[in-house]
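Student: Sequence first, then the predicted structure, then my questions.
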Amino acid sequence: MQKKWYDYLWIWSIVYFTLGFFNILFAWLGMIDFLVPLIFAIAGGNKGFCNRYCGRGQLFRKVGKDCKCSRNKPTPKWLSSKWFRYGFLIFFLAMFGNIVFQTYLVGAGAASLKEAVKLFWTFKVPWGWAYSVGTVPDWIAQFSFGFYSLMLTSTLIGFIVMILYMPRSWCTFCPMGTMTQGICKLKIR
């Protein structure tokens with residue numbers, strides 16, 4: 001079977017995290033991963049993005065299956081249950097809302113720029129080397145640090161479940177997949 005251009009979108013995930021490692025402002029490119037799946041679901045009424053174009057899902061399959069880094073155990077049913085998927089989506093959206101709120105506070109002058117990436121929404125990792133203060137308004141940089149934290153944390157969670165279970169176990173509860181599925185259900189009605 002001949003590979004198509006979109007079979008190489010896993011490279012996008014590596015490029016994204018590499019660019020953000022060296023310059024946090026590249027974190028804004030991650031909005032592509034937020035908006036494109038929603039556009040696909042709204043315009044097409046299907047989960048075509050998740051099934052074919054998601055670079056993160058491809059990366060998990062490549063590392064888990066091709067590189068044999070997955071135990072290939074069945075994904076527990078509770079990870080794909082409706083209560084867990086929607087609960088994780090609500091949590092994820094709350095974290096995104098917090099990023100937007102922190103960005104607003106920095107933009108309004110009520111808070112100062114925090115040059116740190118938070119892993120698992122808890123552990124602050126100094127990330128100052130990836131940004132020169134004053135390059136852009138502080139609120140733009142603040143959003144970059146927060147969004148990169150969200151993207152990195154969700155990818156690390158994906159790698160953890162990839163190692164423990166099937167390569168694309170993350171996809172069973174991915175917040176973007178849950179949102180696009182909800183959009184598709186609404187379009188069918």
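Tutor: Right, received. Where do you want to start? Numbering: from 1, shown residues only.

Student: Run the chain-centre distance for stretch 74-83.
Tutor: 19 Å (CA atoms, centre = their mean, to the nearest Å).

Student: Kindly export that stretch (C-alpha atoms) in CSV.
Tutor: Provided in CSV are the C-alpha atoms of stretch 74-83 (Å, rounded to 0.1, in the frame of the first residue of the first chain):
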residue,chain,number,x,y,z
PRO,A,74,-6.7,-3.6,25.5
THR,A,75,-7.6,-0.1,26.5
PRO,A,76,-9.7,-0.2,29.7
LYS,A,77,-13.4,0.4,29.0
TRP,A,78,-13.6,3.2,31.6
LEU,A,79,-11.1,5.3,29.5
SER,A,80,-13.6,5.3,26.6
SER,A,81,-16.7,5.6,28.8
LYS,A,82,-18.9,8.6,28.2
TRP,A,83,-18.5,9.9,31.8
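
Student: and stretch 42-61, how far apart are its ends?
Tutor: Across stretch 42-61, the terminal residues are separated by 26 Å (CA to CA, to the nearest Å).

Student: again with stretch 124-131
Tutor: End-to-end distance (CA to CA), stretch 124-131: 16 Å.

Student: Now it: buried residues?
Tutor: Going by neighbour count (16 or more other CB atoms under 10 Å), the buried part of stretch 124-131 is Trp127, Ala130, Tyr131. Every C-beta, even on glycine, is put in place using the N, C-alpha and C of the backbone.

Student: And for stretch 48-62?
Tutor: 48-50, 53-62.

Student: Over to the residue positioned nearest the centre of the chain: give its phi and psi.
Tutor: Geometric centre of the chain, nearest residue: Met151, 3.9 Å, by CA atoms, centre = their mean. Backbone dihedrals for Met151, given as degrees, to the nearest 10, come out at phi -70, psi -40.

Student: returning to what we had before: what is the nearest of the buried residues of stretch 48-62 to Ile188?
Tutor: Nearest to Ile188 among the buried residues of stretch 48-62, counting by CB to CB, is Gly48 at 14.9 Å.

Student: Can you give me every residue that contacts that closest one?
Tutor: Applying CB atoms under 8 Å, 6 or more residues apart in numbering, we find Gly48 in contact with Phe40.

Student: can you put the buried residues of stretch 124-131 in a markdown table and add distance to Leu38?
Tutor: Formatted as a markdown table, the buried residues of stretch 124-131 follow (distance: CB to CB, whole Å):
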| residue | distance to Leu38 |
| --- | --- |
| Trp127 | 28 |
| Ala130 | 28 |
| Tyr131 | 28 |
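
Student: which of these lies closest to Ser13?
Tutor: For those, the nearest to Ser13 is Ala130 (17.7 Å; CB to CB).

Student: State the distance from the closest one to Phe34.
Tutor: According to CB to CB, to the nearest Å, Ala130 stands 21 Å off from Phe34.

Student: now do Arg189
Tutor: 24 Å.

Student: more neighbours, those two?
Tutor: Legend: neighbour count by other CB atoms under 10 Å for Arg189 and Phe34, higher for Phe34 (15 against 4).
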